[in-house]
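K.L.:
sequence first, then the predicted structure, then my questions.
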Amino acid sequence: MARKFFVGGNFKMNGTLSSIKEIVENLNKSELDSNVEVVVSPPSLYLLPTREHLRKEIEVAAQNVFDKPNGAFTGEISVSQLKDSNITWTILGHSERRTILGESDEVVSTKTKYATDNGLGVIWCCGESLEEREAGNTISVITKQLDSLKSKNPDWSKIVIAYEPIWAIGTGKVATTQQAQDVHKAIRDWLKGVSDKVSDETRILYGGSVNESNCGELSKQPDIDGFLVGGASLKPAFVKIINCHQ
Ligand SMILES: O=C(CO)COP(=O)(O)O
C-alpha cells in the first residue's frame, strides 16, 4: 500500500497572533501538492484562530494533550476540548517534553493510548541523544520507547511516528539520508511485530533540521514517509518542503 506523504509543522513555543496569521495566509495562497497530508501545530493559545482561518485541507495539531476527560488538571487540555474545536491531531512524546518537562515513556504511552482511543491522531515522537548514538544504542533506545507504546495497545491506525534524533533538532546538524533511512527501516521492522498491516501502513516521519535543501534527498528514502519540521515551518520555505516529494 502506498503511504500518503505527511508533513507536519511544529511551531513549538514560537509566534504571535500576527506572525501566525502570516504563516496561515502564506499556506492559504500557496499551491500545495494534493498528495501530501499537511498538519500544523501552533502553540495552544493559537490553535483556534489557526483552525478558523487556515484552508480546510490542512489539519491542525496540538503540541500536547492530557489523558483525562476533564477536571482539576490545571494547565492541561483534554482530547474532547481539542475535538470540540476541530483540532484533530496532537504531537506527543516530543524530546523537548521528555527531557525538559520530564515526561517518561509511561506518561507518553498512556497519553497516546488515551488520545488514539478517543479518536485523535497522534504524531508520536522518538529519538536518541548524541551520547546514546555514540554509544551505539540508537536502536535499543528507540525500541524501548516503542515497546512502552506497544504495551498500551494503542490504535495504530491513528498514529504517525516521528523519528527525531535529539542531536539533529534545532542544531542545523541533519542526520545523513543513510542514518535516517537505517533507523526508519529498523522502526518499520519493529512494527512488523505489531502486525504486517501496521508495518505497511504506518507513516514514519523524519525530524531534525529539515529544510528546503535537504528534504528532497531524504524524501527519496523508501522508509521516510514525510517530515516533522520545526524552525523551517515558521518560514515561507515550509511550502517548498511540503512540495519536495516527487
Ligand atoms: O523538533 C523538531 C520538530 O518537532 C525539529 O526541529 P528543527 O526542524 O527546528 O530542527
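P.N.:
In hand now; what should we look at? Numbering: from 1, shown residues only.
K.L.:
show me what counts as buried in the lengthiest helix in the chain.
P.N.:
Ranked by residue count, the top helix of the chain under DSSP state H comes out as helix 177-192. Neighbour counts over helix 177-192 (16 or more other CB atoms under 10 Å) mark 177, 180, 181, 182, 183, 184, 186, 187, 188, 190, 191 as buried. No exception for glycine: its C-beta is placed from N, CA and C like everyone else's.
K.L.:
name the helices or strands packed onto the one helix or strand in the chain whose mean pLDDT sits lowest?
P.N.:
Ranked by mean pLDDT, DSSP states H and E, the helix or strand of the chain with the weakest confidence is helix 130-134, at a mean of 94. With contacts defined as 3 or more CB pairs under 8 Å, 6 or more residues apart in numbering; DSSP states H and E, helix 130-134 has no helix or strand neighbours.
K.L.:
let's go with 10 Å and repeat that
P.N.:
helix 138-151 (3 or more CB pairs under 10 Å, 6 or more residues apart in numbering; DSSP states H and E).
K.L.:
any idea of the mean pLDDT for the following helix or strand past the helix it packs on?
P.N.:
Next helix or strand after helix 138-151 toward the C-terminus (DSSP states H and E): strand 159-163. Averaging pLDDT along strand 159-163 gives 98.
K.L.:
could you pull up phi and psi at the residue of the chain at minimum distance from the ligand?
P.N.:
Here the chain gets closest to the ligand at one residue, residue 230, 2.2 Å apart by CB to the nearest ligand atom. Residue 230 has phi and psi values of phi -100, psi -100 when expressed as degrees, to the nearest 10.
K.L.:
wait, doesn't it sit right on residue 40?
P.N.:
No - look at residue 230 against residue 40 with CB atoms under 10 Å: they stay out of range, at 11.8 Å.
K.L.:
of these two, who's got more company?
P.N.:
residue 40 (26 against 23; other CB atoms under 10 Å).
K.L.:
could you confirm that one falls within a helix?
P.N.:
No - counting by DSSP: H, G, I helix; E, B strand; the rest coil, residue 40 is not part of a helix but strand.
K.L.:
now it, nearest residue through space, not along the chain?
P.N.:
residue 9 (4.3 Å; CB to CB, 6 or more residues apart in numbering).
K.L.:
contacts only, for that neighbour.
P.N.:
23, 27, 38-42, 58, 61, 227-230, 232-235, 238, 241-242 (CB atoms under 10 Å, 6 or more residues apart in numbering).
K.L.:
how about it, secondary structure?
P.N.:
Three-state call for residue 9 (three-state DSSP): strand.
K.L.:
the nearest residue to residue 20 once chain neighbours are set aside - how many residues pack around it?
P.N.:
Nearest non-adjacent residue to residue 20, counting by CB to CB, 6+ apart: residue 46, 5.0 Å away. Other residues lying near residue 46 total 21 when counted by other CB under 10 Å.
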